[in-house]
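>>> below: sequence and its predicted model.
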Amino acid sequence: MVRCAWLVCLVPATLLAQEGAGARFERLMTDLMVVDTHVDTPWYVVDEGYDVGVRHDYYEADIPRLREGHAGAVFFGLMATPESYAPHAWVERTLDLIDSVHEMARRYPDDLEVALTSGDIRRIRSQGRVAVLLSVEGGHQIDDNLRILRNYYRLGVRYMTLTHFKTNNWADSSTDAVVHGGLSPFGREVVREMNRLGMMVDISHVSPGTFDDAIETSRAPVIASHSSVRALCDTPRNMTDDEIRKLAAKGGVIFINFNVAYLDQKAWDAFRSFRDERDREIAAMMAARKDDPRRFELKRAIQRRYRQRLPPVDSKTALRHIDHVVRLAGADHVGIGSDFDGISGMAPAGLEDVSKYPALVRGMIEMGYSDGDIRKIMGENLLRVMKQVEEAAQ
């Protein structure tokens, strides 16, 4: 009896060893759940009338390319940056972006559906469609008002990034002045209310103090929706090994950002050298051509010109960040949060847009990852955390 049980366990492993990498890849891609936790396409939909139903040769996400990339679910980021919008416009801008995602799903019901729960994601994927979810990228967008937070949740927002590039009235950002020493008392109240609602707490963009306070305050796992590894690329937008361990100890997940300036040290150093110059050139052009219908095309041309000044970075660099987290904290604590359409076209070669997710699967197969670990990294880790957050709210 024992010998029979041993053989039952051995056969699948033997078959797996005999299966070629190509056949294994094709088998995995038939039912793999691919979840990207951060894509910023809605601002193009609102500002430029970008049609996600049509395949484009610019920007990084649309339905045809999501299909090609076997996407199961995408979290769309909703930004109302303090640099671009006055405080009185933050909520209105956020609502416009929320509306754009719901309208995408209404316009293309055969392809998209807004998901509200982890169970919705599985159901929508099983029906051959892509689940789309909403995320607010910056705590300032609740205008220091928990009622607004609750209404965002009612409209479908399922995670909020506590800060963006600027420190807000209750949380310090990793790229701005430290004002609160982390979370203010109201900031802790925000985290507790997110827990009560079942909204995931996102610590991408936050300062070390805000990170520690969020980990301490939250009674549910916390995510980093689009951050990479500081040990491999030393930028304040990335997480230290100590932070990754703390995140994992809480049951959380870091989702790797595909911006080459956050993946590769030489790319980060080069980007820092011209970022301000590039942004000034774009701002001047947009101001001078505010009524020119070609202004967004001209903006993309400027971004491409500066992108050419970066050193080459390919998909293997993103895989190195994934592998670093796996070795440090385990395969349960890493996923993908590309930041597509929010990185000014600075994606790695081989990971240029949402159609390229399968390149990561191929890469992990080549690196010797098990089917189970690949499934976790490509999407199951997000579903596990989301379900835990839902259960903690109940």
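The structure has been received and is ready for your questions. Numbering: from 1, shown residues only.
>>> can you give me the strands in the stretch 251-394 of the chain?
For the stretch 251-394 of the chain, applying DSSP state E, counting those that start in this stretch gives strands covering 253-256, 334-336.
>>> just the residues contacting the longest one, thanks.
Residues lying outside strand 253-256 but in contact with it, judged by Cβ atoms under 8 Å, 6 or more residues apart in numbering, are 37-38, 221, 223-229, 239, 244, 247, 318, 321-322, 325, 332-337, 381-382, 385. C-betas here are computed from N, CA, C, even on glycine.
>>> just the residues you listed: which are in helices?
Judged by DSSP state H, helices contain the following of the contacts of strand 253-256: Ile244, Leu247, Ala318, His321, Ile322, Val325, Asn381, Leu382, Val385.
>>> deepest in the core, which of the strands of the stretch 251-394 of the chain is it.
Comparing those by mean neighbour count (mean count of other Cβ atoms under 10 Å), strand 253-256 ranks first with a mean of 29.
>>> strand partners (parallel or antiparallel) of that one?
strand 223-224 (parallel), strand 334-336 (parallel) (DSSP bridges).
>>> for that strand, give the mean pLDDT please.
The average pLDDT within strand 253-256 is 98.
>>> export it as CSV, just CAs?
Output of strand 253-256 as CSV, limited to C-alpha atoms (Å, rounded to 0.1, in the frame of the first residue of the first chain):
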residue,chain,number,x,y,z
VAL,A,253,3.5,40.5,-1.7
ILE,A,254,5.8,42.7,-3.7
PHE,A,255,4.8,43.1,-7.3
ILE,A,256,7.8,43.9,-9.5
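>>> and Arg158, that one's in a helix?
No - Arg158 is assigned strand when assessed by DSSP: H, G, I helix; E, B strand; the rest coil, not a helix.
>>> ok, for it, nearest residue in space, not its chain neighbours?
By the measure of Cβ to Cβ, 6 or more residues apart in numbering, the closest residue to Arg158 outside its immediate chain neighbours is Leu133, 5.2 Å from it.
>>> quick one: secondary structure of Asp47?
Under three-state DSSP, Asp47 comes out as helix.
>>> before we move on, back to that, ok, the ones in helices among the contacts of strand 253-256 vs Met104, which is closest?
Using Cβ to Cβ, Leu382 comes nearest to Met104 of the ones in helices among the contacts of strand 253-256, at 20.2 Å.
>>> for Pro311, see how far away that closest one is.
Distance of Leu382 to Pro311, given as Cβ to Cβ, to the nearest Å: 31 Å.
>>> same question for Asp212.
Applying Cβ to Cβ to Asp212 and Pro311 gives a distance of 34 Å.
>>> ditto for Ala61
Note on Ala61: its distance to Pro311, by Cβ to Cβ, is 25 Å.
>>> do Val326 as well
Counting by Cβ to Cβ, the separation of Val326 from Pro311 is 25 Å.
>>> for these two, indicate the residue with more neighbours.
Higher neighbour count among Val326 and Pro311: Val326, with 19 against 11, using other Cβ atoms under 10 Å.
>>> what residues are up against that one?
Each residue near Val326 by Cβ under 8 Å, 6+ apart is listed here: Val334, Tyr369, Asp373, Ile377.
>>> the last one against Gly335, yeah?
Yes - between Ile377 and Gly335 there is a contact at 5.8 Å, judged by Cβ atoms under 8 Å.
>>> give me the common contacts of the two.
With Cβ under 8 Å, 6+ apart, Ile377 and Gly335 have no common neighbours.
>>> count of neighbours near the residue nearest to Arg158?
Applying other Cβ under 10 Å, I find that Leu133 has 23 neighbouring residues.
>>> quick check: it is in a strand.
Yes - under three-state DSSP, Leu133 falls within a strand.
>>> any chance you could map the helices in the stretch 1-150 of the chain?
2-18, 21-31, 42-48, 63-68, 90-107, 118-126, 146-154 (DSSP state H, counting those that start in this stretch).
>>> quick one: which of those helices is nearest Gly252?
Closest among the helices of the stretch 1-150 of the chain, using Cβ to Cβ: helix 118-126, at 15.2 Å.
>>> avg pLDDT for the longest helix belonging to the chain?
Longest helix in the chain by number of residues (criterion: DSSP H): helix 265-288. Mean pLDDT, computed over helix 265-288, is 98.
>>> show residues contacting it.
Residues from elsewhere that reach helix 265-288 (Cβ under 8 Å, 6+ apart): 232-235, 260-262, 295, 298-299, 302-303, 306, 309-311, 313, 346.
>>> just the buried ones from those?
Taking 16 or more other Cβ atoms under 10 Å as the criterion, what is buried in the contacts of helix 265-288 is 232-233, 235, 260-262, 295, 299, 302-303, 306, 310, 313, 346.
>>> and the two most separated of those residues?
Maximum distance among these (Cβ to Cβ): 36.3 Å, for Leu232 and Arg295.
>>> can you give me the domain boundaries for this protein?
Using automatic domain parsing, the domain parsing of the chain gives 32-264+313-393, 269-311.
>>> Glu19 is nearest to which of those domains?
domain 32-264+313-393 (10.2 Å).
>>> mind checking how far that closest one is from the chain centre?
From the chain centre to the centre of domain 32-264+313-393 is a distance of 3 Å (Cα atoms, centre = their mean, to the nearest Å).
>>> span of that domain from start to end?
28 Å (Cα to Cα, to the nearest Å).
>>> same deal with stretch 73-85?
Terminal-residue distance, stretch 73-85 (Cα to Cα): 29 Å.
>>> again with stretch 97-115
Stretch 97-115: ends 16 Å apart by Cα to Cα.
>>> list the contacts of that stretch.
Residues contacting stretch 97-115 (Cβ under 8 Å, 6+ apart): 42-43, 45-46, 52-53, 63, 66-67, 73, 76, 78-80, 120-121, 124, 129-134, 152, 155-158.
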